[in-house]
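Asker: Build me a structure from this.
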Amino acid sequence: MITNFFIPELKNHDVQELWFQQDGATCHTARATINLLKDTFGDRLISRFGPVNWPPRSCDLTPLDYFLWGYVKSLVYADKPQTLDHLEDNIRRVITDIRPQMLEKVIENWTSRLDYIRASRGNPVPEIIFKM
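Answerer: Next up, the predicted model:
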């Protein structure tokens, strides 16, 4: 995905100042992945084994991490899909059914997280569960 989609897509945009951040998941920190990302982002890579280390116990600041993946997964697997087509249908249905009001709450939650981090002025923040 990085080689075939992400990097070619970046070439369509001015990304000279773009920083790339990812968590410490094993697949994200494989040597080949890190080298590819270093070639693309240089010192603007925040990742375990990257030029800027991923901060341990950092709170999730992206709605994809703290909301979407868990929400979608909980609904997609509810009826235990047995085929790839069934799984794909469930994913499409769940994503399509997300309503604007839910996304507004997610954005409100996101701005609250950012305000909290800003107020900490770079100091460590205790783990906090942000409610939807």
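
Asker: does Lys80 count as helix, strand or coil?
Answerer: coil (DSSP: H, G, I helix; E, B strand; the rest coil).

Asker: which residues touch it?
Answerer: With contact taken as CB atoms under 8 Å, 6 or more residues apart in numbering, Lys80 is in contact with no other residue. For the C-beta atoms, the positions are set from N, CA and C on the backbone; glycine is no exception.

Asker: Run through who's touching the helix or strand bottoming out on mean pLDDT in the chain.
Answerer: Across the helices and strands of the chain, the lowest-confidence element by mean pLDDT, DSSP states H and E is helix 63, at a mean of 78. In this structure, residues lying in contact with helix 63 by CB under 8 Å, 6+ apart are 106-107, 109-110.

Asker: and Leu45, how many residues sit next to it?
Answerer: Neighbour count of Leu45, defined by other CB atoms under 10 Å: 20.

Asker: measure it to Tyr77 for me?
Answerer: In this structure, Leu45 and Tyr77 are 32 Å apart, going by CB to CB, to the nearest Å.

Asker: Show me what the longest helix that the chain contains is packed up against.
Answerer: Looking only at the chain and at elements set by DSSP state H, the helix with the highest residue count is helix 100-120. For helix 100-120, the elements it packs on are helix 63, judged by 3 or more CB pairs under 8 Å, 6 or more residues apart in numbering; DSSP states H and E.
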